[in-house]
Structures are given as structure tokens and as C-alpha cells.
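Visitor: sequence isn't available, so here's the structure alone:
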């Protein structure tokens, strides 16, 4: 029996997609082979990769002066690859620090170029984002990097930073495809697949042409945007099953009505859960109201010693993986695209029941 | 209906493994989730990764002073990672050039350190390996790199090079687990998964402790052997489905009797195919007899204009992906562990029939 899986990533996937992958597992498209067993250079698989790219371009309305790359190494790999591709050792870059993923990106960038952290939300314990008007991006910065959604803190930017001519680079790992965004406002968007795109081991990079072709000597070829763009992301063997699954999920998203429709569903799911928290007088979400994540909702209860009970009872009720990140404790419900409203409704009902019994 | 798939990689996988993956696709181990949907840090998944490592250690008899890492980026990623981890820019390394994969490793290494190519089989058009006694490995080399099996040329070393105290580093992508090897003779073994291990997107690195902890500043953390060993290959989100599939394949291999047994089967498969080629008076394999690959068997026919007919007719007969690599033409049968003897028998029967009709 399927459960409602609130894991932060790897995360729940649409059942219809899993069922299709299951049904095609030993004989894909009548080939007598699994999609995992066919050459990445075969016509059939090249069409899979091209379809996936085209569907992602449609969904996000990606302008033609951006390349879409399917890479390995996750967003963590891109923490390294981005400075190697678009800076020199003398370059200055600007970073916003809004939580643990921002921090990791900053630590890695500092090994490769100069980094100015132009906003740091430490004072609020990373429960806020900087005010739009407060950002002063150095005009000589090679780029401005930020994390639109912090998976661990549950903080999401309600705006895209304005940075003049400085390209905006964004780690969209946990919020890509969750609501409409204007891609043309970004120089580079990247995302590990394992939240809203597919299985782990695939990283999507959407990069504007002017940021391509500037890789430093020594940049690993598999992360050199120019080399990979030239080879259609197949400079080496790509993670074929991950690309196939991503393609199925993009088609599923289109079937849901695209990003506008899924964004509206996500808004409803988030509203339902935050309202239940705020109106309970029992559960608490620590994040400022203007920047609460639609994807990751951390919450606490008055007696932390009951957290384990909450997680265990929820799991028994078919609501799994609600424990908070090991670094912050509490609970967290990740409600990505593939989590249906019914899952959030079931969680809210369970939370009311738990409060009645333990509150 | 399943076919016999002779693709060079991604390649055929054991049907029993695909069936298990299929049956568990929407509800893995009674969890109500796919294995793709569970956290890499969950107890259940950590056990999957640990089992996979333990089974690989058993199968290959990996000594305890070696770490086993599950990485992203493929063997091509390791072409970069190896010099970054075990050399300085002033280091000298020694490489053997026996074909296209050796060459790629050499090109990349030259971007990071000094490279001496101490043997190059260009004179035989890469149809030979250097004589064991001919190798002179510089005593100051940081390592000796070679490619035990060249997937494209179909050349396989019948020996492990002797290099004194210089660590031997080997790209075993297309022959790992195909027959017993003495791991203790190597400093580092690496292999892309997509031939004998599982789906693409996973790379296995087996590295001796003395080669760990020397990474250059700026080495990508996800390829820093020390950092990854410390984190049990989970410094970032690993390719969980690939690790799960690799684990199933390791268990399948154990069920086949381990590497000794599969090696004997592979010897029989290769003998059957090479004998059929040599005795035909029609088909030709260009590789010297002492170094013919057990995994990749290229062959030609007298009239190259019939190659397309051969490949198409074979495909119609359920024998797929027999076209040679785009860089060399001809035909190639890759007969990895998951290819049963019945597949090679069917191929040999088809070849006889084709010769009768077209020879």
C-alpha cells in the first residue's frame, strides 16, 4: 500500500510515473530491452533526452538563448562547477546567505574565487530573507548567487533579486517547477533532480549563452558548459534512467496543466498546512510569513520530547518521513509537486488528532 | 519479448534483476514507497548501500586497506579526479596507450600533471598490448595508468603490469567483475557502472588507503576520496537507484557462483564466438590472439557494404545492437556478464546462416 511520503529528497514521485516505469521495465517501447539497457547514443534514447529537454523548455518557457544541460554530480557538483565556468581566481562574486544550502555554496565558491556575502540572515536564525530593497550587488561581481528555497530552513524568496547587469545564479533544487518563474531574469538556474524532477543522480542546469565558453583551464570536461552543450549533454555516458524518469515527470506535469496549475495546487497545499499550524495554538512554524516555503514546511510542538512519538504515530498512519533535518530537529513536511492535496489533508487531520490526544 | 542485447554500454542487465526492480517499483520492502523515493540517509537505504559495498568486497575479495566509493561522473569524471587526488602539477605519471579510452584518460591527465606515455600500440592500430617485459615504469611516477579492457578496440590485457612501488591505476569500466583479479596488485581500480555493474550514472572507485588524503586544493568535494570515504559516499545525495541496482546485480552474481564461476562462463562465451569467427573463413577479428577481449568482440565481413544488412537482419532475429562503434565501423558483440551463453549461441548460429546466404 502506498503511503504519503513527506521526505525532503529523494522524495515522493507521481504514482502514475512509477507505474509506467514499472510496466516498461523489461520491455521498453517494444524494444525487448529496459530503457536502462539501451545505448545513450541510440536514436530511441536520444529522442528521450530531446523530448525531456523540449518539455522542460515548454513548461518553464525557457528562452532560446539558454542551454539546458543534464549533468551528474548534483547541485553540490555545481557549487564547484559554477565558479570554474564563469569566474577567474581574481573574480568577485556576490552570495546571499539564507541557510544551510547557501552556506555550502559559499564555502565551496571561496575555494575558487572572491566571495562577498552581501546579505546574511544569521540574526533571525535564518527564518527571514533580506529585504528586496536592501540588496547592494557590487557592479563588478561575476554573478549574484542565491538559494530561492532553503530545503532545511523552509525559507523561500518571494522575489527575484534585482542585480543590474550582474547575472543571477540560483540553486532551485527544491523549488524548480513548483510555480511559474521568469527564466529570462536569471543567468543560470540549477537543480538537483531528487525533489521535483526525478530520481537522484541527475542535475539540470539552465544557462544563458553568454555564461558559456568561459570555463577555466582544468575545469572537468563533464562540467564544462560549452563542451557539454556542444555534445547535447552526452560528452560521456549520461544517467540515462534519470533522464528517462525526468522526461516522464515533465509529461506528467504537462498533464496536470503545467506549472501555472501545479503552482496553484502548491499554493493551496501550503496554505492548508500553514493555516492549520497557525490556528492550532500548538504547532509552530519559525519562518517569517512573507517567505514561508511552499515546498518544505518545518514545524515544532511545545514538548520536543513528543517529537519521536509524533513521527512514529504519523508513520503508522501512512504519513512517512516527517522528522526534521538532523541539524535542526523538530518536524518537516516536504510537499513537492508529486504530493497530492489529499496527502496534506491527511497530515492536517492527523495533526489535529495528535494535538487532541497530546496537546 | 526480450531480445539478446549486444550493446557496449549501457548494456544488457540480468532479467531477474529487472524483474525484481519492476516488482518493487511502487512498494519497496513493504515501505509503500519506491526505493527512489526514500532518503539516502534513511536506515533502509544506508543498509542497501552497505550491503552493496559488502557484496562487492566479497565478490572481488577487496582487502581491508581499500575503500570502496560510489561516485557520480562516470569513468570520464575519474580521468580528472585521479590526477587531482594523487598528484601535484609537478608530478610525473605513466600511461599505457592501448586505444580510445586510454587516449581520453591521457588527454585529460595532461591538463593536470606530467604524463609519460611509456607504451603506445599505434603501430598495430591498437590491436595489441605491449609485451609485459617491455614496460619501463619511471620509479618517480605517481602512478601507472592503463585500461585493462578497451571497449572499442576489443583488446584486453592478459596480465597486470609490474611497476615496482609505483601504484597501478586501472580503468576497469568494461571488464570489472568479469573474471577474478588480484585487487592487492592495484593502487586504484575504477569503473563506470553501465557494463557489468548496473545503470549508467554510477562510478565505483576502489582505492588503497595510501592514495587517500592527498587531494589538491580545489578538488571537487564530491570527487575528494578522503571526504567521500569519510562520509560513506554520501557527502551529497548519491545516485540511489543506481546503487540499489548495483546491489541487486552483486547479489545476482553471487547467485551465479561468484566471479570464478562467471569468469568460466565468460571464457566459454568468448571461446565460442572467437572460434566461430576464426573458423568461418568469412568473419575476421583484428585483435592479436593473446589479448582478445572476453567482453567486447569486434568483427568484420569481407564486403563492408553488407554490414548494415547484417545488423538489420540480426536485429530482426532478436540479436540487437551489433553495429561497431561509430569510430571504427564493422560489427561488435559485447558479451558482458548478463549475456547468457544462449545469446552467444544464437549469435553464432545467425552468423553461420548469414554467411551461407551472403558469403
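Guide: Perfect, I can see it now. Quantities reported herein were computed from a predicted structural model and do not represent experimental measurements. Residues are numbered from 1 along each chain as shown, chains lettered A, B, ... in the order given.
Visitor: residue A:84 against residue A:112, yeah?
Guide: Yes. The pair residue A:84 / residue A:112 is scored as a contact, 6.3 Å apart, by CB atoms under 8 Å. C-beta: built from backbone N, CA, C; applies to glycine.
Visitor: distance check, residue A:131 against chain B.
Guide: Using CB to the nearest CB, to the nearest Å, residue A:131 is found at 31 Å from chain B.
Visitor: tally of neighbours for that residue?
Guide: 10 (other CB atoms under 10 Å in any protein chain shown).
Visitor: in stretch A:28-38, what's buried?
Guide: Buried residues in stretch A:28-38, counted by 16 or more other CB atoms under 10 Å in any protein chain shown: A:28, A:31-38.
Visitor: could you pick out which of the residues you listed are near chain B?
Guide: The subset of the buried residues of stretch A:28-38 within reach of chain B, by CB under 8 Å from any CB of the partner chain, is A:31-34, A:36-38.
Visitor: of all these, which comes closest to residue A:191?
Guide: Distances from residue A:191 to these, taken as CB to CB, are shortest for residue A:36 (22.8 Å).
Visitor: look up phi and psi at the residue nearest to that closest one when sequence neighbours are not counted.
Guide: With sequence-adjacent residues excluded and distances taken as CB to CB, 6 or more residues apart in numbering or on different chains, residue A:36 is closest to residue B:199, at 4.4 Å. Per-residue torsions, residue B:199: phi -70, psi 160 (degrees, to the nearest 10).
Visitor: for the residue lying closest to residue A:149 once chain neighbours are set aside, what are its contacts?
Guide: Nearest residue to residue A:149, sequence neighbours excluded (CB to CB, 6+ apart): residue A:175, at 3.7 Å. By CB atoms under 8 Å, 6 or more residues apart in numbering or on different chains, the residues touching residue A:175 are A:148-149, A:156, A:195-196, A:293-295.
Visitor: with secondary structure added, can I get those residues in TSV?
Guide: Putting these into TSV (DSSP: H, G, I helix; E, B strand; the rest coil) gives the following:
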residue	secondary structure
A:148	coil
A:149	strand
A:156	strand
A:195	coil
A:196	coil
A:293	coil
A:294	coil
A:295	coil
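Visitor: of these, closest to chain B?
Guide: Checking the contacts of residue A:175 against chain B with CB to the nearest CB, the nearest one is residue A:195 at 9.9 Å.
Visitor: and the residue in the stretch 51-200 of chain A positioned nearest to chain B, what element?
Guide: Nearest to chain B in the stretch 51-200 of chain A, going by CB to the nearest CB, is residue A:76, at a distance of 3.7 Å. Element membership of residue A:76 [criterion: DSSP states H and E] is helix A:74-86.
Visitor: check which helices and strands that helix sits against.
Guide: In terms of contacts (3 or more CB pairs under 8 Å, 6 or more residues apart in numbering or on different chains; DSSP states H and E), helix A:74-86 is packed against strand A:66-71, helix A:100-109, strand A:168-171, strand A:188-192, strand A:203-208.
Visitor: buried ones in it?
Guide: Neighbour counts over helix A:74-86 (16+ other CB under 10 Å) mark A:74-86 as buried.
Visitor: run the chain-centre distance for that helix.
Guide: 16 Å (CA atoms, centre = their mean, to the nearest Å).
Visitor: so for it, mean pLDDT?
Guide: Helix A:74-86 comes out with an average pLDDT of 98.
Visitor: same thing with stretch A:23-35?
Guide: For stretch A:23-35, the mean per-residue pLDDT is 97.
Visitor: now find how far off-centre it is within its chain.
Guide: Taking mean C-alpha positions (CA atoms, centre = their mean), stretch A:23-35 and its chain are 29 Å apart.
Visitor: who touches it?
Guide: Stretch A:23-35 has contacts (CB under 8 Å, 6+ apart) with A:38, A:44-45, A:48, A:240-241, A:244, B:1-3, B:5, B:12-13, B:15, B:18-19, B:21-22, B:25, B:318, B:320.
Visitor: which among those end up buried?
Guide: Buried members of those, counted by 16+ other CB under 10 Å: A:38, A:45, A:48, A:240-241, A:244, B:3, B:5, B:12-13, B:18, B:21-22, B:25, B:320.
Visitor: return the subset of those residues lying in helices.
Guide: The helices, defined by DSSP state H, take in A:45, A:48, A:240-241, A:244, B:18, B:21-22 from the buried ones among the contacts of stretch A:23-35.
Visitor: perfect, that will be all.
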